[in-house]
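*Asks:* I'll drop the sequence and a predicted model, then ask my questions.
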Amino acid sequence: MKPKAVAAAVLVAACLQPTSGAQADRLRALAPNHRGIVFTQLPTRTSLDGLGARLVLLSPDGATRVLSSGFHSAADPEVSFDGRRVLFAGKMTASDNWNIYEMEAGGTGLRQITRGLGDCRSPAYQSSFYVLDGQPWYQITFVSAASGELNEHAGVPATSLYSVKLDGSSVRRLTFNPSSSLDPHMLPDGRVLFAAWDRPQRMALFGVHMDGTDFALFSAEEGRSFKRMPCVTTGRLVVFVEADKLPWDGAGCLSSVSLRRNLHSYRRITAEKDGLFHSPSPLPDGAILVSRRPSGAAGTHGIYRLEPATGRYEVLFDDSGHHDIQAKLVHPRSEPDGHSSVVDEKDPSGKLYCLNVYTSDVEMPAGAARRLRVLEGLPRRAGQAGGLPHTRFLGEIDLDDDGSFNIQAPANIPIRLQVLDSSGMALRSSSWIWVKNHENRGCIGCHEDRELTPENVLAKALMHPSFQLTLPPEKRRTVDYRRDVLPILSQKCATKACHDAGSFGKYIQPGSARTSPIIRRLSPHAGSRPLTQDEKRTIIEWIDLGAQQ
C-alpha cells in the first residue's frame, strides 16, 4: 500500500544535528558491516504518546535520513533477526489509530500488519512456531488496549500482549492481567519478557511463552519499584530501566539480572548522577545502545553506547531539538529458540496444579492449610467506576493432605488462588494468573522460590482427576458489600466505627481477613442473635476478596 500524503512539518527530512568525527568513528565500530541505527525522534514539545514522532536511520558514517515520510507519527522500531526488515508503530493521520507496519531496513516495501485492533504499539518479532502436521511460521508480539478493559491500578485503558502472523491473520491475546502489560522483548529461550503492574505501586518483569502459556514472575522484589523496557545482552544479562517514581517518559536508572539466576542476581549499573536512561537494546559485543538525558528537567535524550559491566557510556548521536530514543542496530542477531504450542482453542478450560502449598517463602505450620479458594477477576471497562476488579468465586476445594491440589478452570480469564485455614481465612494469596486453552500449568508451592527444583515425589492431587471449577458465568457467586455485608454489620456489629469509610487500615486490611482487627471485634448487640457461621464467612470472604465497597 502507498501511505497517504501528510502535510506535517515534522515529517520533512530536514537538517538533523550533524555527527562529529569522533562520534562517527564510534558508530562504525559498533559492529562489522552494520547498516546503521534506526531510532525514534520525538519532538520536545510532545508527550510520551509519540504524536509527531518519526523514524530516522543513522548511517555508519553519521548521515541521517527520515524513514517515515508520509506518516503523521511513527515510533517503536524493531529490527528483524536477519537485520533486513523493521517493524514499527505508525499513524497515517492524527486521527488514525496506531497500527503495526513492516518495511525493508532502507525504508522501502511498506506494508500494514494490524487493522481494527485499536492502538497497537511496541511490536517485537517472535521466533518460529512449530506444529506436528505443517510448516513452522512466524509471528510478532505487540501491545494493544483492544480488550476495552481498564487498568486496575491506574484507571486508564489496560494494555495486553497480543500476537499476529506477519500477514495480519490469527490475532490472539496472550496476557490477561487486569493491569497493563508493556515493553515485550524476546528471551533467547523463546519466551516473551515484558513489564506489567502487579500492585498499585510496583511494576515488575514477567515472562510468558509465545502462545500465552506459563506466565511467571521474572524480576520484582529487588531494586526500585518500577521496572520497564528490558533487553537481553549477548552476555546473557537482562538490562532494564527502573525508578521509584515514573517521570513523564518512563526513564530511570539502569540495572540488570542474569538469565541464569534472574531472581537472585540483581545489580545496579547506573546511579541518579549518571542521568536518566531510556529504551536499552543489545549490541553484538555485549554492550547496549541506550538513550540518556540529564537528570533535571532540561536537556533531551541522545543515543549512547554503554557497557553494562562498568556503566561507562559514550555519546553516538544527539539532536538537541529532539528526544532520540528506541535506538536499534540494523544488523543480524541470533534468533531465539522456536516453540511448539499446547494451546487448543476448542478447549474452553485449562488445568492448574500445585505439588505442595507448604513449599513457601513464608513458613506455614503443618496442617494449617485446609482448603483452596479460586477467584475470577472481572476487569472494569470504560464507563465503569475505577478501582480493583470485581471478583467472583470459581469454587473452593479441600487440599490433599500433602498440600497439593489439581483443578480445571476456565481459560483466558484472570484467576487468583487463596490458601485457606480452618476458619476459611486466606493464609496466602497469589497475584493474578491465568491458564490458556488446554494448558496444563503447575507450580512447586505457594510463593516458592521459583529457582527451586521440585522434590521427586508424586503429589496425591495428581493421582485423581482435576476438580472441575468451570461453572458458567451466570452461576458464579459474588460477595457484594451493600447487598451481603452491610446488613450484617448494621444489625450485629457493636462498634459502628469499624466499617465507616475511614476505617480501612485501622480495622480492615483489604485482602487479609486474618490480620484485620474487625474480625476479632465482631460481636452482637445486646439481646440480638450472634453471627451465624454463614455471616462470619461472608465478612471473611468480603475482606479476603479486597473489601470493596
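*Replies:* Happy to help now that I have it.
*Asks:* ok, S423 - how many residues close by?
*Replies:* 13 (other Cβ atoms under 10 Å). Placement of C-beta: from N, CA and C, glycine included.
*Asks:* which one is it nearest to, not counting chain neighbours?
*Replies:* Once flanking residues are discounted, S423 sits nearest to I540: 7.2 Å by Cβ to Cβ, 6 or more residues apart in numbering.
*Asks:* helix or strand for I488, which one?
*Replies:* Counting by DSSP states H and E, the element that carries I488 is helix 486-492.
*Asks:* by contact count, what packs against the helix or strand following that helix?
*Replies:* The helix or strand immediately downstream of helix 486-492 is helix 517-521, counting by DSSP H and E. Using 3 or more Cβ pairs under 8 Å, 6 or more residues apart in numbering; DSSP states H and E as the contact test, the elements touching helix 517-521 are helix 533-544.
*Asks:* got the contact list for the helix it packs on?
*Replies:* Contacts to helix 533-544, defined as Cβ atoms under 8 Å, 6 or more residues apart in numbering, come from residues 373, 418, 423-426, 429, 479, 481, 484-485, 488-489, 492, 508-513, 516, 518-519, 522, 531, 548.
*Asks:* hmm, 7 Å instead?
*Replies:* By Cβ atoms under 7 Å, 6 or more residues apart in numbering, the residues outside helix 533-544 that reach it are 418, 424-426, 479, 481, 484-485, 488, 508, 510-511, 513, 516, 519, 522.
*Asks:* closest one to F176 out of the residues you listed, please.
*Replies:* Q418 (18.2 Å; Cβ to Cβ).
*Asks:* filter the contacts of helix 533-544 to the buried ones?
*Replies:* Applying 16 or more other Cβ atoms under 10 Å to these, the neighbour count classes 418, 424-426, 479, 485, 488, 508, 510-511, 513, 516, 519, 522 as buried.
*Asks:* hey, which helix or strand in this structure has the poorest pLDDT?
*Replies:* Taking mean pLDDT, DSSP states H and E as the measure, the chain has helix 517-521 as its least confident helix or strand, at a mean of 80.
*Asks:* how far does that one sit from the chain's center?
*Replies:* In terms of Cα atoms, centre = their mean, to the nearest Å, the centre of helix 517-521 is found 36 Å from the chain centre.
*Asks:* all strands of the stretch 201-350 of the chain, in order?
*Replies:* Assigned strands in the stretch 201-350 of the chain, in chain order: 202-208, 216-219, 226-232, 237-243, 253-258, 267-268, 276-282, 288-293, 302-306, 313-317, 322-329, 339-340, 349-354 (criterion: DSSP state E, counting those that start in this stretch).
*Asks:* I'd like the ones you listed as JSON lines, with mean neighbour count appended.
*Replies:* Formatted as JSON lines, the strands of the stretch 201-350 of the chain follow (neighbours: other Cβ atoms under 10 Å):
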{"stretch": "strand 202-208", "mean neighbour count": "21"}
{"stretch": "strand 216-219", "mean neighbour count": "20"}
{"stretch": "strand 226-232", "mean neighbour count": "24"}
{"stretch": "strand 237-243", "mean neighbour count": "25"}
{"stretch": "strand 253-258", "mean neighbour count": "22"}
{"stretch": "strand 267-268", "mean neighbour count": "14"}
{"stretch": "strand 276-282", "mean neighbour count": "25"}
{"stretch": "strand 288-293", "mean neighbour count": "26"}
{"stretch": "strand 302-306", "mean neighbour count": "23"}
{"stretch": "strand 313-317", "mean neighbour count": "19"}
{"stretch": "strand 322-329", "mean neighbour count": "26"}
{"stretch": "strand 339-340", "mean neighbour count": "16"}
{"stretch": "strand 349-354", "mean neighbour count": "21"}
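*Asks:* right, and P200 touches A154 too?
*Replies:* No. Taking contacts as Cβ atoms under 7 Å, P200 lies outside contact range of A154: 8.7 Å.
*Asks:* look at these two and report which has more neighbours.
*Replies:* Of the pair P200 and A154, A154 is the one with more neighbours under other Cβ under 10 Å, namely 13 against 10.
*Asks:* and the more buried one, how far from S431?
*Replies:* Distance of A154 to S431, computed by Cβ to Cβ, to the nearest Å: 17 Å.
*Asks:* one more: L187?
*Replies:* Noted for L187: a distance of 20 Å to S431, by Cβ to Cβ.
*Asks:* from the buried ones among the contacts of helix 533-544, which single one is nearest L205?
*Replies:* Minimum distance to L205 across the buried ones among the contacts of helix 533-544 is 23.0 Å, recorded for G511 (Cβ to Cβ).
*Asks:* so where's the protein uncertain?
*Replies:* Applying pLDDT under 70 to the chain picks out residues 1-20, 46-48, 383-389, 493-505, 522-529.
*Asks:* mind giving me the domain split of it?
*Replies:* 9-332, 349-475, 481-544 (automatic domain parsing).
*Asks:* any idea which of those domains is most buried?
*Replies:* Highest mean neighbour count of the domains of the chain: domain 9-332, a mean of 19 (counted as mean count of other Cβ atoms under 10 Å).
*Asks:* can you give the distance from it to the centre of its chain?
*Replies:* Relative to the centre of its chain, domain 9-332 is centred 14 Å away, using Cα atoms, centre = their mean.
*Asks:* could you tell me the end-to-end distance of stretch 442-452?
*Replies:* One end of stretch 442-452 sits 13 Å from the other (Cα to Cα, to the nearest Å).
*Asks:* what's the answer for stretch 50-70, then?
*Replies:* One end of stretch 50-70 sits 16 Å from the other (Cα to Cα).
*Asks:* equivalent analysis for stretch 271-286, please.
*Replies:* Stretch 271-286: ends 20 Å apart by Cα to Cα.
*Asks:* what does stretch 117-135 give?
*Replies:* 27 Å.
*Asks:* quick one: contacts for Q418?
*Replies:* Neighbouring residues of Q418 by Cβ under 7 Å, 6+ apart: R373, L375, A426, S429, D544.
*Asks:* nearest to P332, of those residues?
*Replies:* Using Cβ to Cβ, these come closest to P332 at S429, 45.4 Å.
*Asks:* now do the contacts for the closest one.
*Replies:* S429 neighbours (Cβ under 7 Å, 6+ apart): R416, Q418, G511.
*Asks:* please apply the same query to Y481.
*Replies:* W542, Q548, Q549.
*Asks:* the same query, at a cut-off of 6 Å, please.
*Replies:* Q549 (Cβ atoms under 6 Å, 6 or more residues apart in numbering).
*Asks:* report the separation between it and W432.
*Replies:* Counting by Cβ to Cβ, the gap from Y481 to W432 is 21 Å.
*Asks:* do G212 as well
*Replies:* 14 Å.
*Asks:* P517 too?
*Replies:* Taking Cβ to Cβ as the measure, P517 falls 27 Å from W432.
*Asks:* touching, T213 and N437? I think so.
*Replies:* No. Contact criterion Cβ atoms under 6 Å: T213 and N437 do not qualify, at 9.5 Å.
*Asks:* got any residues that touch both of the two?
*Replies:* Counting by Cβ under 6 Å, 6+ apart, T213 and N437 have no contacts in common.
*Asks:* which residue is the nearest non-sequential neighbour of L375?
*Replies:* Per Cβ to Cβ, 6+ apart, closest to L375 is R416, 4.4 Å.
*Asks:* quick one: the helix or strand encompassing the one you found to chain centroid distance?
*Replies:* Assigned by DSSP H and E, R416 belongs to strand 415-420. How far strand 415-420 lies from its chain's middle: 21 Å, per Cα atoms, centre = their mean.
*Asks:* tell me the angle that strand makes with strand 349-354.
*Replies:* 30 degrees (axes from the mean of the first three to the mean of the last three Cα atoms, to 10 degrees).
*Asks:* between strand 415-420 and helix 533-544, how many degrees?
*Replies:* Going by the same axes, to 10 degrees, strand 415-420 makes 130 degrees with helix 533-544.
*Asks:* now the element after strand 415-420, going C-ward?
*Replies:* Note on strand 415-420: by DSSP H and E, the next helix or strand toward the C-terminus is strand 426-429.
*Asks:* closest one to S341 among the domains of the chain?
*Replies:* Nearest of the domains of the chain (Cβ to Cβ): domain 9-332, 4.1 Å.
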